[in-house]
Structures are given as C-alpha cells and as structure tokens.
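1. no sequence on hand, only this structure:
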C-alpha cells in the first residue's frame with residue numbers, strides 16, 4: 001500500500017521546537033509497518049520554503065505523480081486550501097483521510113467545516129462522532145491516541161531518579177497544582193514550553209517517564225479563559241507564523257469552546273507514559289476504563305486531595321507501584337500501539 005503522508009514535521013510548525021508529535025509517532029510508525037510505502041509531504045517545511053500557493057500546487061502535483069492508495073493528512077489550520085483537498089478527493093484515484101486531533105474543543109470552530117472534504121476522517125472524541133453524524137457525515141472513525149510501537153521501553157531498565165514529574169504546558173491551573181504540591185513537600189520536576197526546565201525532545205521525554213516514580217497527566221482541556229485563547233478566537237496562526245482573521249463561523253465555534261463546559265479528555269500522555277515504562281497517575285478522563293483498568297494498570301485521581309493522598313501512598317509503597325507500572329506497560333504493548341490503531345483504520349476503509 002502506498003501512502004502519501006501529509007502533516008507537520010516540526011512542533012507547531014516551528015523548527016526550533018524540534019520534531020512534532022505527528023512526526024515522532026504517526027510518520028515513524030507508518031514507515032516501519034510492513035507492506036506500506038510512505039511518501040513524506042511535510043507541509044509546514046514546504047510552506048516556509050515556497051509559500052502557501054506553491055505548497056498547494058506541489059501537493060496536487062505530488063498526488064498526480066505518486067498515485068497513492070491513501071492520502072493520510074493531519075491538518076493544522078488552513079495551510080492546505082480546501083480547494084486542494086476537494087480536488088484530490090474528487091479525482092477518486094486515492095482515498096483521502098484526516099486524523100482530527102482536538103475535537104474536544106475544535107469540532108465546532110474547525111473540524112466540522114473540513115471533514116466533508118475527505119473520504120474518511122477519524123476522531124478521538126466520542127461526542128464529536130455524534131456531531132459528525134448529526135451533520136450528515138457518516139464516514140467517521142472513532143479511534144484513540146496510542147504509543148509508538150518502536151518507542152516502547154521495558155519498566156525497571158532505568159534508575160528511578162525522580163519522585164514526581166510532569167511534562168506538558170503550564171496552562172489552566174497546572175502551575176497552581178504544582179506549586180501546591182511543592183508546598184506540601186512533594187518533590188516534583190516539570191518540563192515543557194513555559195516551565196523553567198524548558199521543552200524535552202521525544203527521547204528525553206521518554207527517559208524522564210521511565211526514570212520517574214510517578215508521572216502525572218492532567219486531562220483538563222487546553223482551552224481556558226485568558227488572553228491567548230481570546231486572541232485565538234479572532235486570529236489563526238499558520239505553520240509559517242502568518243496570521244489571518246477567522247471567519248465569523250470559526251469565531252462562534254471558538255467562543256463556544258472557550259465558554260462551554262470543560263471536559264477531561266484522554267490524551268497521548270495516557271499511553272506514552274505506560275508505554276515508556278512509566279507509572280501513570282492521571283485525573284479521571286472520559287473513557288479511561290475502556291483502555292486501562294484503574295488502580296491495576298494506571299492510577300487516577302478526581303481532585304487535588306486525592307492527588308496528594310495517592311502521590312504519598314505510591315511514593316511509600318514501591319512494590320505496589322511497580323506492579324502497576326509493569327501491568328500498564330504490558331497492556332499498552334498488547335492493545336495500544338499506533339501500528340494497531342492504523343491497522344484498524346485501514347481495515348475500516350477497506351485498504352487491508
């Protein structure tokens with residue numbers, strides 16, 4: 001099967017931030033799956049080099065030349081024009097598919113307007129599935145985040161040098177939670193854009209998970225009231241740092257996400273941490289029970305007091321903690337790799 005993979009190479013399209021999540025996990029998984037030939041089209045890198053018009057012309061030419069069985073997209077904003085994707089789909093020579101990444105908050109302002117351009121789309125949000133079908137779009141696949149099969153790391157093969165760690169951005173109430181834990185005597189180290197320790201690349205991040213007694217994940221949404229989210233309601237940044245004014249429909253969708261109820265959500269960290277041989281403690285996202293057995297393979301907490309209690313408990317009960325760590329790794333390796341996710345998606349689309 002020949003796949004034209006069209007996604008960002010760099011994190012948020014910014015080369016200085018290193019490789020993107022998609023590159024480290026989606027692209028690297030596809031290139032190692034047997035029976036699949038991958039042609040890479042990193043649209044952020046090309047956009048910065050030739051501009052938006054030439055980018056879209058190059059994509060049309062690439063599809064014509066490669067004749068892929070599948071065009072696998074992971075969109076960011078509107079670097080690729082709707083007319084370009086519509087033309088590729090209309091030709092009918094290749095199936096078109098997009099993995100939508102943030103439908104928990106982006107469905108109303110973005111995904112609903114782009115999905116009809118593709119033969120197939122996927123989402124990790126069960127409520128978005130209902131939204132797609134309500135608008136008459138039937139070829140939506142419910143999937144979930146996972147772990148790169150080739151990034152799996154056996155628990156116990158690295159010394160535990162950290163007590164508690166968190167890797168992620170310090171938005172919403174995360175700074176307050178971390179500060180409160182420190183005041184209570186918990187030794188916690190944090191990495192990510194906005195923390196003093198800075199951002200980790202993929203390999204160093206996995207090293208941290210593997211070397212931590214407890215790795216935290218906060219399942220709350222990244223959308224919150226603040227200056228940056230309000231600005232994003234009206235302006236969109238493309239992968240080459242150019243800004244454009246959002247359409248009225250996009251503004252309404254962003255405002256709905258900004259002012260609507262907050263939903264905890266399953267994130268990539270829920271699979272990356274146990275897959276890296278780490279011990280995952282996460283606040284209770286929707287559907288976590290479908291993927292892990294709480295308190296047996298991962299540990300969840302519902303509020304700050306429970307976070308503190310369970311942190312102290314598992315720091316003091318190393319044998320029980322390591323049993324959960326090992327069980328979480330085994331479950332991830334068995335059921336939650338991107339090779340498995342993509343195989344299921346390709347079968348649903350009739351490609352396997």
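-> Perfect, thanks for sending it. These figures come from a predicted structure and were not determined experimentally. Numbers count the residues shown, from 1 in each chain.

2. residue contacts, residue 166?
-> Contacts for residue 166 (C-beta atoms under 8 Å, 6 or more residues apart in numbering) come out as 174, 178, 188, 189, 190, 191, 192, 215, 216, 217, 218. Yep, even glycine has a C-beta here, placed from its N, CA and C like the rest.

3. show me those that map onto helices.
-> 174, 178 (DSSP state H).

4. filter the contacts of residue 166 down to the buried ones, PyMOL style.
-> Of the contacts of residue 166, the buried ones can be selected in PyMOL as follows, counting by 16 or more other C-beta atoms under 10 Å:
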select buried, resi 174+178+188+189+190+191+192+215+216+217+218
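
5. surely residue 301 and residue 312 touch.
-> No: between residue 301 and residue 312 there is no contact under C-beta atoms under 8 Å: 11.8 Å.

6. between those two, which one's more packed in?
-> Ranked by neighbour count (other C-beta atoms under 10 Å), residue 301 and residue 312 place residue 301 first, with 17 against 13.

7. per-residue pLDDT, that one?
-> At residue 301, the model reports a pLDDT of 94.

8. which ones are touching the spatially closest residue to it that is not a sequence neighbour?
-> Distances taken as C-beta to C-beta, 6 or more residues apart in numbering place residue 307 nearest to residue 301, at 4.4 Å, with adjacent residues excluded. Counting by C-beta under 8 Å, 6+ apart, residue 307 touches 177, 181, 216, 281, 283, 301.

9. how much space separates the spatially closest residue to residue 296 that is not a sequence neighbour from residue 154?
-> Closest residue to residue 296 apart from its sequence neighbours, by C-beta to C-beta, 6+ apart: residue 327 at 5.9 Å. Using C-beta to C-beta, to the nearest Å, residue 327 is found at 13 Å from residue 154.

10. who has more neighbours out of those two?
-> Using other C-beta under 10 Å as the criterion, residue 327 and residue 154 rank with residue 327 on top: 17 against 12.

11. can you give me every residue that contacts the more buried one?
-> 293, 296, 297.

12. between these, which is nearest residue 48?
-> Nearest to residue 48 out of the contacts of residue 327 is residue 297 (C-beta to C-beta; 41.7 Å).

13. give me every residue that touches residue 144.
-> Residue 144 sits next to 124, 266, 291, 336, 341 when contact means C-beta under 8 Å, 6+ apart.

14. no, scratch that, I was asking about residue 206
-> Residue 206 neighbours (C-beta under 8 Å, 6+ apart): 151, 153, 272, 276.

15. return the backbone torsion pair for it.
-> Main-chain dihedrals, residue 206, degrees, to the nearest 10: phi -60, psi -30.

16. can you verify residue 236 is assigned to a strand?
-> Yes: assigned with DSSP: H, G, I helix; E, B strand; the rest coil, residue 236 falls within a strand.

17. report the beta-bridge partners for it.
-> Beta-bridge partners for residue 236, by DSSP bridges, are residue 244.

18. can you give me the pLDDT of it?
-> Looking at residue 236, its pLDDT reads 91.

19. also the one 5 residues further on?
-> The confidence metric pLDDT takes the value 93 at residue 241.

20. then residue 262?
-> Predicted confidence (pLDDT) for residue 262: 67.

21. equivalent analysis for residue 95, please.
-> On the pLDDT scale, residue 95 gets 98.

22. pick out the most distant pair among the contacts of residue 206.
-> 153 and 272, at 10.3 Å, using C-beta to C-beta across the contacts of residue 206.

23. so what sits against both of these two?
-> By C-beta under 8 Å, 6+ apart, residue 153 and residue 272 have these common neighbours: 206, 209.

24. more crowded one of those two?
-> Neighbour totals were compared for residue 153 and residue 272, and residue 272 leads with 27 against 17 (other C-beta under 10 Å).

25. relative to residue 244, how far out is the residue nearest to the more buried one when sequence neighbours are not counted?
-> Nearest-residue entry for residue 272: residue 147, 5.7 Å, with adjacent residues in sequence omitted and distances by C-beta to C-beta, 6+ apart. Distance, residue 147 to residue 244, by C-beta to C-beta: 35 Å.

26. between the two, who's got more neighbours?
-> Remark: of residue 147 and residue 244, residue 147 carries more neighbours, 28 against 11, as counted by other C-beta under 10 Å.

27. thought that one was touching residue 337?
-> Yes: with contact defined as C-beta under 8 Å, residue 147 reaches residue 337; the gap is 5.6 Å.

28. in the protein, which helix or strand is least confident?
-> Here the helix or strand of the chain ranked lowest by mean pLDDT, DSSP states H and E is helix 227-234, holding a mean of 78.

29. this completes my enquiry, with thanks.
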